[in-house]
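> below are the sequence and a predicted model; questions follow.
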Amino acid sequence: MKHLMTLLLLMVASVAMAQDIIVKKDGSILNVYNLEESATSYFYTLEPSSGASVLKINKDDVFSVKKKDGEAQVVNPAAAAAAPAAAAAPAAAATTPAAASNTPGQREPVTAKLTTSVRTEKGRRCFSACTPDGHELNYRIISDADATVEVTKGEYHAREYVIPEYIDIEGKQYTVTEIGEKAFFREKTVRRVQFPLTLKRIGESAFTYANLDRIDIPEGVEELCNYAFAGTGFRVTSPVIYIPSSVTKLGRSCFHACGSNTSYRGFCQETFTNMPDFINEGNCKNYGIDEEAVEAYYRRKAMSK
């Protein structure tokens, strides 16, 4: 009953204010802006400005959400049914999965299985494999000795893709370490990509002219090549870009003309929640990032200390 009343209040509140709304399991309500989600969490700000701090809440703590466009989603439908029993039972200590982290991408690794036989193309061994979500991607073996592979170009029409950490090839486990050149080039349908935790390199123009909602690159990635995300046409108002501190090399115009808040000069003006220390106001334009975006990031970082 408590959650039913909360949902009714939620509908009324959504008319009064153009904000996204999160209803927590304890019945409390958060009025938020710029709501985005990953597989395990929601990311949001408490202010509409692009410079506002990005906060996070685990989906396990959320009962439902309602976006300002009217879309509603019950995240934990079992919560309402379990509420009476929970009230009568002693409170249990909250637990957090070992894989949970404030760093995007920390989770259990995914293993894909072959859907085609391994074939040879232009001297390289290639194949396709399917992840547990049912989506197929193309791959090329980088090194049999090191058992490493990269994702390659294909016709990718799903909205979301999970790139696995590992692929079982004829009884041998290979590790996905790279996303190859133009792998998702001009793939307008693809909105979200879950990068593997084993990823080391994102190739040239890998996501050029794609339509990603957000870019969360996991810790461990070392190189983003030229134009890797150039022209990525975010469809959300205030998209988020997370560049891990493990990155030691950013290619030319890596984020050029990237997103809805691109400046008139073509530089990226999105909300950066993390970036390597070597990016500064003096060199940021080389990567397609404007000075204002760097200033805003370091200002938020200083305020959070």
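Perfect, thanks for sending it.
> for the rest of this, base every contact and every neighbour count on C-alpha atoms.
Will do.
> quick one: low-confidence residue ranges for the stretch 1-150 of the chain.
By pLDDT under 70, the weakly predicted segments of the stretch 1-150 of the chain are 1-18, 27, 39, 50-51, 68-107.
> which residues in it form strands?
With DSSP state E, counting those that start in this stretch applied, the stretch 1-150 of the chain shows strands at 20-24, 29-37, 41-45, 55-58, 62-66, 72-74, 111-114, 119-121, 124-130, 136-143, 148-152, listed in chain order.
> mean neighbour count and distance to L250 added to these, as CSV?
Formatted as CSV, those follow (neighbours: other CA atoms under 10 Å; distance: least, CA to CA, whole Å):
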stretch, mean neighbour count, distance to L250
strand 20-24, 23, 34
strand 29-37, 20, 25
strand 41-45, 19, 25
strand 55-58, 15, 26
strand 62-66, 23, 36
strand 72-74, 14, 38
strand 111-114, 20, 28
strand 119-121, 11, 29
strand 124-130, 19, 27
strand 136-143, 21, 21
strand 148-152, 23, 19
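> among those strands, which is nearest I289?
Minimum separation from I289 across the strands of the stretch 1-150 of the chain (CA to CA) falls at strand 29-37, 20.6 Å.
> re earlier: mind putting the strands of the stretch 1-150 of the chain into JSON lines with distance to E223?
As requested, the strands of the stretch 1-150 of the chain are exported to JSON lines (distance: least, CA to CA, whole Å):
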{"stretch": "strand 20-24", "distance to E223": "35"}
{"stretch": "strand 29-37", "distance to E223": "25"}
{"stretch": "strand 41-45", "distance to E223": "25"}
{"stretch": "strand 55-58", "distance to E223": "26"}
{"stretch": "strand 62-66", "distance to E223": "35"}
{"stretch": "strand 72-74", "distance to E223": "37"}
{"stretch": "strand 111-114", "distance to E223": "23"}
{"stretch": "strand 119-121", "distance to E223": "26"}
{"stretch": "strand 124-130", "distance to E223": "22"}
{"stretch": "strand 136-143", "distance to E223": "16"}
{"stretch": "strand 148-152", "distance to E223": "14"}
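> so who does N211 touch?
E187, K188, T189, V190, R191, T232, G233, F234, R235 (CA atoms under 8 Å, 6 or more residues apart in numbering).
> the one helix or strand E178 maps to: which residues count as buried?
Assignment of secondary structure by DSSP states H and E places E178 within strand 172-179. When neighbours are counted by 16 or more other CA atoms under 10 Å, the buried residues of strand 172-179 are found to be Y174, T175, V176, T177, E178, I179.
> can you count the residues close to L46?
Counted by other CA atoms under 10 Å, the residues lying close to L46 total 16.
> any figure for the gap between the nearest residue to V62 once chain neighbours are set aside and T120?
Spatially, and ignoring its direct neighbours in sequence, V62 is nearest to K24 (4.3 Å; CA to CA, 6 or more residues apart in numbering). Note on K24: its distance to T120, by CA to CA, to the nearest Å, is 52 Å.
> tell me the phi and psi of E292?
Here the main-chain torsion angles of E292 (degrees, to the nearest 10) amount to phi -60, psi -40.
> so it sits against T271, correct?
No - shown here, E292 and T271 do not form a contact pair, counting by CA atoms under 8 Å, at 10.4 Å.
> list the contacts of the residue nearest to V62.
L30, D61, V62, F63, S64.
> give me that answer again for 7 Å
Contacts here follow CA atoms under 7 Å, 6 or more residues apart in numbering; on that basis K24 touches D61, V62, F63, S64.
> mind putting those in a markdown table, distance to S38 included?
Written out in a markdown table, the entries for these read as follows (distance: CA to CA, whole Å):
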| residue | distance to S38 |
| --- | --- |
| D61 | 14 |
| V62 | 13 |
| F63 | 16 |
| S64 | 15 |
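> please identify which pair of the residues you listed lies farthest apart.
Among the contacts of K24, the pair separated by the greatest distance (CA to CA) is D61 and S64, at 9.6 Å.
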